[in-house]
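Participant: Structure of the sequence below:
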Amino acid sequence: MAELIYLNGRLVPLGRVRISPFDHGFLFGFGLFETMRAYNGRIFRLEQHLERLSKSAGELSIPLPPFDLATACYDTLRANNLADARLRLTLTAGPGEALPDPGTCTGPTLVIMAMPNKAPAPEKYQQGYCAALSSLRRNSQSPLSRMKSTCYAEGILARREAHHRGVDEVVVLNEKGFVAEGSSTNLFLVKGAILVTPSVDSGILPGIARSVVLEIARAAGLKSEERTVLLSELTQADEAFFTNSIREVVPLTVYEGRPVGQGRPGAVTSHLAEAYRALVRKETGAGPA
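Facilitator: Take a look at the predicted model:
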């Protein structure tokens, strides 16, 4: 657990952190967050995370704090004596009246926490994830689908559903019945020599790990498509995998009790997973994963 929390410009011992009960992040879930991974004391793709946060904050008219967020993230990481860690940055509209009117808020609240990283066990990468179809649906027309919002009830319900189904992750469709994403992951399929992932207008979060995989694919000359994806394409895929910033690239080998492709991590998935780790090593100086 984090020992020192960055709160509105200063580091505070965990037991002394105080946030107003009138904070609109608490009252209405009106806020944003970013979850980042640090390797060897370096935060991977920090600028991309902060760019996404800034863009979403602008769309919600939540002002950014008047100090450097990158510096704040590193101050938090170092203050907790962590090199390999998971960081959570939360930005809310701040305290205001107990009404759904952020115009009453007096200024934003920023909280940054750094904690030891808890990635999946190594065998999960070797065996792959099992997944099932979620009963929940993403609303592709909602602007929140494209933001990492603290309104996270849907994600929690999806993760609870995965737990109740005895699987590692669920596949969530949008309201039109097309594939969107996982509970907290983006989804990729491989068919032949083509990499396919649902487009942003399918109702997905444009994940940072997702963008890294697409970047790697382009550099390797692998054809990739961001588009509407039918559920039947998942069941007929040669390979599939999930991505997020903490778990990186995790193969999906079983869906609804049936094997995806050969039922083991495929060649394209394995190549992209290793290329992701190699890029992490290049940009952070981390040792072999």
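
Participant: element containing residue 86?
Facilitator: Using DSSP states H and E, the element containing residue 86 is strand 85-92.

Participant: isn't residue 150 right up against residue 30?
Facilitator: Yes: taking contacts as CB atoms under 8 Å, residue 150 lies within contact range of residue 30: 7.4 Å. C-beta here means a position set from N, CA and C on the backbone, and glycine is covered the same way.

Participant: Got phi/psi on residue 15?
Facilitator: Torsion angles at residue 15 (phi, psi; degrees, to the nearest 10) stand at phi -70, psi -10.

Participant: can you count the residues close to it?
Facilitator: Burial measure for residue 15: 7 neighbouring residues, criterion other CB atoms under 10 Å.

Participant: any idea how far residue 41 is from it?
Facilitator: 26 Å (CB to CB, to the nearest Å).

Participant: same question, residue 61
Facilitator: Residue 61 is 35 Å from residue 41, by CB to CB.

Participant: cool, residue 161 as well?
Facilitator: Applying CB to CB to residue 161 and residue 41 gives a distance of 37 Å.

Participant: got it, and residue 277?
Facilitator: For residue 277, the distance to residue 41 (CB to CB) stands at 17 Å.

Participant: care to break the chain down by domain?
Facilitator: Domain segmentation of the chain under automatic domain parsing yields 4-116, 122-284.

Participant: So residue 246 belongs to a helix, correct?
Facilitator: No: going by DSSP: H, G, I helix; E, B strand; the rest coil, the assignment for residue 246 is coil, not a helix.

Participant: Can you check the pLDDT for it?
Facilitator: You'll see residue 246 listed with a pLDDT of 96.

Participant: need the contact list for it.
Facilitator: 35, 37, 86, 117, 118, 119 (CB atoms under 8 Å, 6 or more residues apart in numbering).

Participant: Just the buried residues out of those residues, in PyMOL syntax.
Facilitator: In PyMOL syntax, the buried subset of the contacts of residue 246 is picked out as below (16 or more other CB atoms under 10 Å):
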select buried, resi 35+37+86
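
Participant: Return the item of the contacts of residue 246 having minimum pLDDT.
Facilitator: Among these, residue 119 has the weakest pLDDT, 81.

Participant: before we move on, what SS does that residue have?
Facilitator: coil.

Participant: Roughly how far does it sit from residue 184?
Facilitator: On the measure of CB to CB, residue 119 and residue 184 end up 14 Å apart.

Participant: what do you get for residue 132?
Facilitator: Distance, residue 132 to residue 184, by CB to CB: 15 Å.

Participant: cool, and residue 133?
Facilitator: 16 Å.

Participant: now swap in residue 152 and tell me
Facilitator: If you go by CB to CB, the gap between residue 152 and residue 184 works out to 9 Å.

Participant: Neighbour count: these two, which is higher?
Facilitator: Using other CB under 10 Å, the more surrounded residue of residue 152 and residue 184 is residue 184, with 21 against 16.

Participant: I figured that one hits residue 244, correct?
Facilitator: Yes: using CB under 8 Å, residue 184 makes contact with residue 244 at a distance of 6.0 Å.

Participant: re earlier: what does the strand holding residue 86 contact?
Facilitator: With CB under 8 Å, 6+ apart as the test, strand 85-92 has contacts from 23-26, 30-38, 43, 49, 53, 57, 62, 64-65, 69, 73, 76-77, 108-118, 150, 246.
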